[in-house]
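Chemist: Structure, please.
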Amino acid sequence: MFPVVGYMLLFVAVGAAFILVNLLVGKLIRPVRPHQEKETIYECGEPTIGSAWVQFDLRFYVVALLFVIFDVEVAFFFPWAVVFGKANTVANADAPEAERVEAAYVLAPKQAALRAKYEQEMADLHGQGQEEERQARADAIATLNKQVLEHAEKNTDAAKSLAWIALWDILVFFGVLLVGFAYLWKRGDLLWVKAVTSDTAKPLERIHQVPGAAASTSS
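Modeler: Purely as a prediction, here's the structure:
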């Protein structure tokens with residue numbers, strides 16, 4: 001636990017020092033030639049015109065909201081891909097033994113935690129002259145790998161079933177997304193300039209002229 005925290009603190013310290021050193025060196029060696037045009041405020045290379053308190057088109061917010069919705073939903077594909085891929089690897093008898101063992105550990109978190117514990121103990125004993133203890137941990141890891149692989153071979157049918165369930169699950173999930181996307185497309189929410197349909201449009205009221213106004217206009 002403590003080595004991991006130490007590595008994280010070291011990484012943060014090195015990153016902060018890298019940024020501060022670059023900023024300090026840049027401030028010391030770069031030329032300072034202020035000019036009125038250089039100090040002018042600009043946006044994307046263009047001079048600013050008018051006030052910043054302007055009303056943006058509502059379509060910006062609608063498009064951004066739709067992007068966030070569908071983009072966040074796509075994030076759910078990643079954990080599904082991990083489970084689906086590992087289940088297929090466990091169910092595939094022709095896959096290399098090392099790959100099947102690693103896939104079986106992903107589907108067996110308790111055994112994976114136990115193996116990580118043995119590996120950490122081996123790393124702690126490295127260089128301390130306790131070869132017998134390290135060899136005992138290595139034998140325990142080999143035995144654990146064998147047990148996990150045997151368990152995976154006994155549950156090949158279950159792994160295949162899990163893979164098919166995961167496949168149908170993601171198809172249903174993706175189908176719901178497609179239905180929602182088609183609904184938005186049909187409504188015209190994906191169009192930048194949304195036309196007003198005849199059902200929602202209201203006819204313009206006819207303006208009645210005052211009798212005296214027409215005579216003054218003609219004259």
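
Chemist: the bottom helix or strand of this structure by mean pLDDT?
Modeler: Lowest by mean pLDDT, DSSP states H and E among the helices and strands of the chain is helix 211-218, with a mean of 51.

Chemist: and the helix or strand harbouring Val4, average pLDDT?
Modeler: In the assignment (DSSP states H and E), Val4 maps to helix 2-29. The pLDDT scores in helix 2-29 average 89.

Chemist: what about it, distance to the chain center?
Modeler: Taking Cα atoms, centre = their mean, to the nearest Å, one finds helix 2-29 lying 26 Å from the centre of the chain it belongs to.

Chemist: Report all helices and strands that it contacts.
Modeler: Judged by 3 or more Cβ pairs under 8 Å, 6 or more residues apart in numbering; DSSP states H and E, helix 2-29 is in contact with no other helix or strand. Using the backbone N, CA and C atoms, a C-beta is placed for each residue, glycine as well.

Chemist: And the residue nearest the centre of the chain?
Modeler: Central residue of the chain (Cα atoms, centre = their mean): Ala75, 5.2 Å from the mean position.

Chemist: OK, contacts around that one?
Modeler: Counting by Cβ atoms under 8 Å, 6 or more residues apart in numbering, Ala75 makes contact with nothing.

Chemist: What about it? Give its phi and psi, please.
Modeler: Main-chain torsions, Ala75, degrees, to the nearest 10: phi -60, psi -20.

Chemist: any idea how far it lies from Gln120?
Modeler: 31 Å (Cβ to Cβ, to the nearest Å).

Chemist: and Ala103, how many neighbours?
Modeler: Neighbour count of Ala103, defined by other Cβ atoms under 10 Å: 23.

Chemist: Which of the helices or strands spans it?
Modeler: Element membership of Ala103, judged by DSSP H and E, is helix 97-106.
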